[in-house]
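Chemist: Below are the sequence and a predicted model; questions follow.
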Protein chains: 2
Amino acid sequence: MSKGILVVVSGFSGAGKGTVIHRLLEKYDEYALSVSVTTRQPRPGEQEGREYFFRTREEFEKLIREDALIEYAQYVDNYYGTPRSYVEEHLHAGRNVILEIEIQGAMKIKKKIPEALLIFVTPPSVEELEKRLTGRGTETPEVIAGRLERAGEEAKGMEQYDYILVNDEVEDCVDSLHEIIASEHKRVSRNRDFISEIQRQARILKKD
Amino acid sequence: MSKGILVVVSGFSGAGKGTVIHRLLEKYDEYALSVSVTTRQPRPGEQEGREYFFRTREEFEKLIREDALIEYAQYVDNYYGTPRSYVEEHLHAGRNVILEIEIQGAMKIKKKIPEALLIFVTPPSVEELEKRLTGRGTETPEVIAGRLERAGEEAKGMEQYDYILVNDEVEDCVDSLHEIIASEHKRVSRNRDFISEIQRQARILKKD
């Protein structure tokens, strides 16, 4: 019952994933955030190992060749990937690792690590999603339209996830996420060793 | 997200299932306890519809013929069964129905109602189980030996369940049980309608 769970969190842009994950890490001890590797340039204020691990193209391609990434993808000339060692160290230390990633990446993770837990975050309705995106007032109508368009695409993949998490109130959503992960730790499939041990003890008992 | 879940709770005799279920019903509103039908005679203090629904052998066999029982079994000349209508009414009213039943019955339920949730309650160790059974001081050594013997049998079926719930502290165990059930309500497989609706709305969005 001690190994951590790799938790993949996806969801509509505007669903509030970032806020929920941030609060989860703040509120509970047993989580670590997976930090991605990228070849893109650091933006002002970004720190090595906090927002990303920044690597050159050559270094990144070496990571690919060494199978040091659980998954990676290329967007607009830049690579983005999930470093395997970082994730595995935390899992072995008993921490659940949270990985915020879009659907294609999530599917790759599920294929490589079937015991990963996939959670899709959504507002209560698409109407609410529109409201939140418009209400921010920080994005241009084109950016909002682009995000809504992408939401249409992302919605198609919702069934591929394990849980649907409705983000209505942030604190409730954070607690629900924590409860889902805590409950998953009690799944039979995640407790094979404990069950074997109880069965072994129970067998001895019968012979007495 | 409104239909209740049928929750089957099994576990070692002495694991404290009864206490945990009693507290769950006391503490949270959204649960109903499934009451079994039996042909055995009521014992002093037992009430119709509280401990059991008491029926004659003829009445019980009519229930079997009418497929009015989700499952039934015969022990020592008496029938015991789970009435379908009672369970379904509560589920449709959005209440989770708790059914305390041994493993054979649990397997029959799983076969007939695949979306039922199966939870196995165990003490932290078999040593602890022995302690609890002996510590009660109310049972004869023969009864205790019989229960431990049965625990050896029951342990074999643990893998057939969905979750393993360790009952160390009753209140923690009750809250964990509640969290497991609340989390299960967020499973993708239990939210097909909600997902379809979000996908429908998101499709409309794309066409705008």
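Modeler: Noted; the coordinates are in hand.

Chemist: So is stretch A:175-182 next to chain B?
Modeler: Yes. Stretch A:175-182 reaches chain B (CB under 8 Å from any CB of the partner chain) through A:176, A:179, A:180, A:182. C-beta coordinates here come from the backbone N, C-alpha and C atoms, glycine included.

Chemist: Could you check the pLDDT of the residue nearest to residue A:37 when sequence neighbours are not counted?
Modeler: Once flanking residues are discounted, residue A:37 sits nearest to residue A:53: 4.4 Å by CB to CB, 6 or more residues apart in numbering or on different chains. On pLDDT, residue A:53 comes in at 95.

Chemist: And residue A:53, which helix or strand is it part of?
Modeler: Using DSSP states H and E, residue A:53 maps to strand A:52-54.

Chemist: before we move on, the earlier item: dump the residues of stretch A:175-182 next to chain B to JSON lines, plus secondary structure and distance to residue B:46.
Modeler: Formatted as JSON lines, the residues of stretch A:175-182 next to chain B follow (DSSP: H, G, I helix; E, B strand; the rest coil; distance: CB to CB, whole Å):
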{"residue": "A:176", "secondary structure": "helix", "distance to residue B:46": "40"}
{"residue": "A:179", "secondary structure": "helix", "distance to residue B:46": "37"}
{"residue": "A:180", "secondary structure": "helix", "distance to residue B:46": "39"}
{"residue": "A:182", "secondary structure": "helix", "distance to residue B:46": "38"}
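
Chemist: one step back: pull the distance from the strand holding residue A:53 to the chain's centre.
Modeler: The chain centre lies 17 Å from the centre of strand A:52-54; the measure is CA atoms, centre = their mean, to the nearest Å.

Chemist: same thing with stretch A:183-194?
Modeler: Distance, centroid of stretch A:183-194 to centroid of chain: 20 Å (CA atoms, centre = their mean).

Chemist: Any part of it near chain B?
Modeler: Yes. Using CB under 8 Å from any CB, stretch A:183-194 reaches chain B at A:183, A:184, A:186, A:187, A:188, A:191, A:194.

Chemist: With pLDDT, neighbour count and secondary structure added, can I get these in CSV?
Modeler: Output for the residues of stretch A:183-194 next to chain B, formatted as CSV (pLDDT from 0 to 100; neighbours: other CB atoms under 10 Å in any protein chain shown; DSSP: H, G, I helix; E, B strand; the rest coil):
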residue, pLDDT, neighbour count, secondary structure
A:183, 98, 22, helix
A:184, 98, 21, helix
A:186, 97, 21, coil
A:187, 97, 16, strand
A:188, 97, 18, helix
A:191, 96, 19, coil
A:194, 94, 18, helix
